[in-house]
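> Fold the following for me, if possible:
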Amino acid sequence: MTDWLGILQKHVDQKGSQVVIRELDISAATLSLVLRNKYQASTERIEQKVMAIYGADGKVNCPVLGQIEPSRCIDNFKRAQTIRMPGNPATIRLYMACRRCTFR
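Model (predicted):
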């Protein structure tokens, strides 16, 4: 079993909580409670996100862009949720991949 809490704490120490909150797409309260071991609900979803993002050398495996930073992944994902009709072929590929992504 991997120490996902240790990995999470390491990234909070290195990047700061605001960056980690954004990359994991969780609330500040959730992060705080998880790190203090006071989170009442299941942490399975958070553990999966931590391992998916930070377990692979801190990179996310995007099917279109390859290995990218988690912040770039979340930016692309959020943008894909708001785009109505993408224009160029590269944007369309990224848009479709983000819309189907089960990671976020």
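> which residue is nearest the middle of the protein?
Leu24 (3.8 Å; C-alpha atoms, centre = their mean).
> how near is that residue to Gln67?
Leu24 is 18 Å from Gln67, where distance means C-beta to C-beta, to the nearest Å. To be clear about C-beta, it is placed using only N, CA and C from the backbone, and glycine gets the same treatment.
> State the distance from the residue nearest to the residue nearest to the centre of the chain when sequence neighbours are not counted to Leu8.
Once its chain neighbours are removed from consideration, Leu24 has its nearest residue in Lys49; the separation is 5.1 Å (C-beta to C-beta, 6 or more residues apart in numbering). If you measure Lys49 against Leu8 using C-beta to C-beta, the figure is 9 Å.
> which of the two has more neighbours?
Leu8 (23 against 20; other C-beta atoms under 10 Å).
> what's the helix or strand for the more buried one?
When elements are defined using DSSP states H and E, Leu8 is found to belong to helix 4-15.
> Relative to the whole chain's centre, how far out is that helix?
Taking C-alpha atoms, centre = their mean, to the nearest Å, one finds the center of helix 4-15 at 13 Å from the center of the full chain.
> again with stretch 65-75
Its chain's average C-alpha position is 9 Å from that of stretch 65-75, according to C-alpha atoms, centre = their mean.
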